[in-house]
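Enquirer: Sequence first, predicted model second:
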Amino acid sequence: MAMVDSREKKLNIADIANIALESTRSQHSPKIAFPAILTEMSQPNTDVKQMGNTVFILHKGNNGQGFFKALNADKARNFVENSRQYVVYAKKMGMNMLVTEFEDPAISTLFHAISKNPPMPGMGFKEYKLKSGGRRIVLNLGQ
């Protein structure tokens, strides 16, 4: 499925999840993954926020730390902006450090793009390559 420019058409969460699932290289089919995502969104201490045609799922832990993921159905330039807005939103919620894991190396490019002009002072990230071939980002939201 093609990405949908949120400046032209805003999608609902279900449509975003379906497009994101079909566009990622997941080992699970959308028929299996979609119900799992709906269950994940309803877990305790979970915040779900839509920005443009991107849905961010945050599992809040202790001391302002959390694990998050993004389901994107937006154009690349909007995805970068949606992500910039999301980290500001997360910081306002009291988050200090976020962790995410992913398979697609293009996601790493997103973090590098945002780090060139971070939306908050002191914001930065560290990237780790996992034995599985995936990557983990630890994102410090700054002061």
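Expert: Thanks, I have it.
Enquirer: going forward, measure contacts and count neighbours with C-alpha atoms only.
Expert: Fine.
Enquirer: which of the residues in the one helix or strand in the chain whose mean pLDDT sits lowest are buried?
Expert: Across the helices and strands of the chain, mean pLDDT, DSSP states H and E gives its lowest value to helix 105-116, namely a mean of 88. Within helix 105-116, the residues scored as buried using 16 or more other Cα atoms under 10 Å are 107, 110, 111, 114.
Enquirer: what do you get for stretch 4-17?
Expert: Residues of stretch 4-17 classed as buried: 4, 5, 6, 10, 11, 13, 16, 17 (neighbour count, 16+ other Cα under 10 Å).
Enquirer: Equivalent analysis for stretch 58-69, please.
Expert: Here stretch 58-69 shows 58, 59, 60, 65, 66, 67, 68, 69 as buried, counting by 16+ other Cα under 10 Å.
Enquirer: Tell me where the chain has strands.
Expert: 46-51, 54-60, 65-72, 97-102, 124-129, 135-140 (DSSP state E).
Enquirer: is it possible to export the buried residues of stretch 4-17 to a markdown table including pLDDT and distance to residue 123?
Expert: Conversion of these to a markdown table gives the following (pLDDT from 0 to 100; distance: Cα to Cα, whole Å):
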| residue | pLDDT | distance to residue 123 |
| --- | --- | --- |
| 4 | 96 | 29 |
| 5 | 97 | 28 |
| 6 | 97 | 26 |
| 10 | 97 | 29 |
| 11 | 98 | 30 |
| 13 | 95 | 28 |
| 16 | 96 | 28 |
| 17 | 93 | 28 |
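Enquirer: Which single one of those residues is nearest to residue 143?
Expert: residue 6 (30.2 Å; Cα to Cα).
Enquirer: check contacts around the closest one.
Expert: By Cα atoms under 8 Å, 6 or more residues apart in numbering, the contact list for residue 6 reads 52, 53, 74, 75, 78.
Enquirer: for the protein, what's the longest helix?
Expert: Scanning the chain for the helix with the most residues, using DSSP state H, yields helix 76-92.
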